[in-house]
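S.K.: Starting from these lines, generate the structure:
(one chain, ligands or ions: 1)
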Amino acid sequence: MIRRPHKVMKPRAAGPATAPTGAGLLVVHAAELVTLRGPWARARRGEEMRDLGIVPDGAVYIEGGRIREVGDTREVLRVRGGAADVLDATGKVVLPGFVDAHTHAAFAGSRHEELAWKVEGLSFREVLARGGGIHRTVRDTRAATKEAIVAATRKRLDGMLRFGTTTAEVKSGYGLTTESELAILQAIDELAGSHPMSLVSTFMGAHTVPPEFQGRADAYAGLVADEMVPAVASRTGARFCDVWVEGGLFSADHARRIFAAAKAHGLEAKVHADELSDTGGAALAAEVGAVSADHLLHASDAGLGAMAEKGVIGVVLPSASVAAGLPFADARRLIRAGVPVALGSDLNPGAWNESMQGVLALATHRLGMYPEEAIVAATVNAAFAIGKGKEVGALDPGMAGDLLILDADAVGHLGYRLGGNLVEKVVKAGRVVMDRSPLR
Ligand SMILES: [Zn+2]
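M.R.: Numbering: from 1, shown residues only. This next block holds a predicted model:
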């Protein structure tokens, strides 16, 4: 690749370039500007997932929190050169902030003690029988105040931001009573208004059957549909409603009932589908018009075909497989079936991963995804999976000014490196909100 020589930019205004004056932010001379621009106003599928829209020696101009100009540095400087604070990205990669399409980041407590049980070889169900697993987190979260949930979740969001996540979906689902689910979703609302990261929240009262309803999943699904959904829709900012469809948890009929109530109250559907077995979750997601079906380790060909036909996004979550000792979803098979694929961390107390870079590495090494596909899945497609595809996930005029400056000269380092953190700076809505560059 031929790169034209460039001059070193100096900040125009007084003060360091990392403290913008509000005059707009200009990022110039990126070795690779990964725009992810394209003609598709929807999640990408098949070959489309290989197109990163890279501009060599690229520049981005952000003003009023939104991207105004994207392109070759010389061109962007000609149009916008005079009126901005400047960040020089010489020798570095610039790309949109990561979008994490699936997290359970709002909870209290931790389950680090259970790791030893996993090492001993205890199964998911044996851990539950010992009082661990999700039931432990439900106890801790029910006992916590909303303020405590906000404080604990804020620390995790900070961690995610350090690894480059600028937008994330966060689910409830560790309260499992109307009052406690409302408290969790209101905690997420509070963080959405005070944390630099953009958040989209999902009500997941149907995450598991709580202990007091053991053996009465029908009655609990009724409570979720008839009492929790209306309360959540009127008193929180939740946008989606998610149900874990699995043997021993919620059946397809439970899910239909909950999604009918959700739809009547303006909440869109998401499905935890076919993680432990093929329960027809993928087909159900297509049937109810869900935005996404997530996990999909055991999805049938017919289910994937139905998803592809309806444009349901398949969210794959490799950290969950690592933590639970499960096989990995075959993302290659999803892509071949024409399903648009997105990635999520599934951050939760049983699979605690705050790093979308780590997720990218698992996706390339274990899910059969090319690095380009994994990057599309962690940006554009993840944005569409949470209903934000027209706002974030690509560097295009009119979209949010959310970008990362990586300390690497080629985007191919993403997905290739198994550990570490390539993010040097995180820009959110045109403001540097995280700067990890060495002090010299
Ligand atoms: Zn999940």
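
S.K.: contacting residues for residue 163?
M.R.: For residue 163, the contacting residues are 98, 354-358, 421, 423, taking Cβ atoms under 8 Å, 6 or more residues apart in numbering as the criterion. The way it works is simple: take the backbone N, C-alpha and C, and place the C-beta from them, glycine included.

S.K.: dump the residue contacts of the nearest residue to residue 220 once chain neighbours are set aside.
M.R.: Taking Cβ to Cβ, 6 or more residues apart in numbering as the measure, residue 220 lies nearest to residue 213, with 3.9 Å between them; neighbours along the chain are not counted. Taking Cβ under 8 Å, 6+ apart as the criterion, residue 213 is in contact with 219-220, 223.

S.K.: between those residues, which has the most around it?
M.R.: Taking other Cβ atoms under 10 Å to define a neighbour, the member of the contacts of residue 213 with the most is residue 220, carrying 22 neighbours.

S.K.: got a pLDDT number for the residue nearest to residue 220?
M.R.: With respect to pLDDT, residue 213 scores 97.

S.K.: So among the contacts of residue 163, which ones count as buried?
M.R.: 98, 354-358, 423 (16 or more other Cβ atoms under 10 Å).

S.K.: Make a markdown table out of those residues and add distance to residue 414.
M.R.: A markdown table is the format used below for these (distance: Cβ to Cβ, whole Å):
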| residue | distance to residue 414 |
| --- | --- |
| 98 | 10 |
| 354 | 16 |
| 355 | 11 |
| 356 | 9 |
| 357 | 7 |
| 358 | 11 |
| 423 | 10 |
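
S.K.: Filter those down to the ones in strands?
M.R.: Per DSSP state E, strands hold the following members of the buried ones among the contacts of residue 163: 98, 423.

S.K.: which among the buried ones among the contacts of residue 163 gets closest to residue 114?
M.R.: Nearest to residue 114 among the buried ones among the contacts of residue 163 is residue 354, at 18.4 Å by Cβ to Cβ.

S.K.: The closest one and residue 319 touch, don't they?
M.R.: No: using Cβ atoms under 8 Å as the test, residue 354 is too far from residue 319 to be in contact (9.9 Å).

S.K.: Now the common contact residues for the two.
M.R.: By Cβ under 8 Å, 6+ apart, residue 354 and residue 319 have these common neighbours: 345, 347.

S.K.: which of the buried ones among the contacts of residue 163 lies closest to residue 146?
M.R.: When the buried ones among the contacts of residue 163 are compared for distance to residue 146 (Cβ to Cβ), residue 354 comes out closest, at 22.0 Å.

S.K.: From residue 347, how far off is that closest one?
M.R.: In this structure, residue 354 lies at 6 Å from residue 347, with Cβ to Cβ, to the nearest Å as the measure.

S.K.: shared neighbours, the two?
M.R.: Applying Cβ under 8 Å, 6+ apart, one finds that residue 354 and residue 347 are jointly contacted by 156, 160.

S.K.: any low-confidence regions in the stretch 201-350 of the chain?
M.R.: Counting by pLDDT under 70, not a single residue of the stretch 201-350 of the chain qualifies.

S.K.: Which stretches in it count as strands?
M.R.: Under the criterion DSSP state E, counting those that start in this stretch, the stretch 201-350 of the chain carries strands at the ranges 240-245, 268-273, 292-295, 313-316, 341-343.

S.K.: can you count the residues close to residue 439?
M.R.: Neighbours of residue 439 using other Cβ under 10 Å come to 4.

S.K.: got it, and residue 325?
M.R.: By other Cβ under 10 Å, the residues close to residue 325 number 10.

S.K.: Residue 419 too?
M.R.: Neighbour count of residue 419, defined by other Cβ under 10 Å: 8.

S.K.: so it sits in a helix?
M.R.: No: read with DSSP: H, G, I helix; E, B strand; the rest coil, residue 419 is coil and lies in no helix.

S.K.: and it, what does it touch?
M.R.: Counting by Cβ under 8 Å, 6+ apart, residue 419 touches 358, 361.

S.K.: pLDDT score assigned to it?
M.R.: At residue 419 the predicted local confidence, pLDDT, stands at 93.

S.K.: Now it. Its backbone dihedrals?
M.R.: As for residue 419, its main-chain torsions (degrees, to the nearest 10) stand at phi -140, psi -170.

S.K.: let's number from 821 now, not from 1
M.R.: In the new numbering, first residue 821, that becomes residue 1239.

S.K.: how close does it sit to residue 1169?
M.R.: Counting by Cβ to Cβ, the gap from residue 1239 to residue 1169 is 22 Å.

S.K.: Now tell me what touches stretch 952-962 from outside.
M.R.: 927-929, 931, 933-934, 937, 944, 947-948, 969, 994-997, 1000, 1004, 1027-1028, 1030-1031, 1168-1170.

S.K.: Buried ones only from those residues, please, as a ChimeraX command.
M.R.: Of the contacts of stretch 952-962, the buried ones can be selected in ChimeraX as follows, counting by 16+ other Cβ under 10 Å:
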select :927,928,929,931,934,937,944,947,969,994,995,996,997,1000,1004,1027,1028,1030,1168,1169,1170
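
S.K.: taking the contacts of stretch 952-962 one by one, which sit in strands?
M.R.: Secondary structure assignment by DSSP E places none of the contacts of stretch 952-962 in strands.

S.K.: Closest one to residue 1091 out of the contacts of residue 1033, please.
M.R.: Among the contacts of residue 1033, residue 1040 lies closest to residue 1091 (Cβ to Cβ), at 17.5 Å.

S.K.: quick one: contacts for that closest one?
M.R.: The neighbourhood of residue 1040, defined by Cβ under 8 Å, 6+ apart, consists of 1029-1030, 1033.

S.K.: Can you tell me which of those residues is closest to residue 1201?
M.R.: For the contacts of residue 1040, the closest approach to residue 1201 (Cβ to Cβ) belongs to residue 1029, at 31.6 Å.

S.K.: The nearest residue to the closest one once chain neighbours are set aside: what's it in contact with?
M.R.: What sits nearest to residue 1029 in space, not counting adjacent residues and going by Cβ to Cβ, 6+ apart, is residue 1037, at 4.9 Å. With contacts defined as Cβ under 8 Å, 6+ apart, the neighbours of residue 1037 are 1029, 1069-1071, 1074.

S.K.: 7 Å instead?
M.R.: Contacts of residue 1037 were listed using Cβ atoms under 7 Å, 6 or more residues apart in numbering, and they are 1029, 1070, 1074.

S.K.: Spatially central residue for the chain, please.
M.R.: Using Cα atoms, centre = their mean, the residue of the chain that lies closest to the mean C-alpha position is residue 920, 1.1 Å off.

S.K.: Report the separation between that residue and residue 1174.
M.R.: For residue 920, the distance to residue 1174 under the criterion Cβ to Cβ works out to 9 Å.
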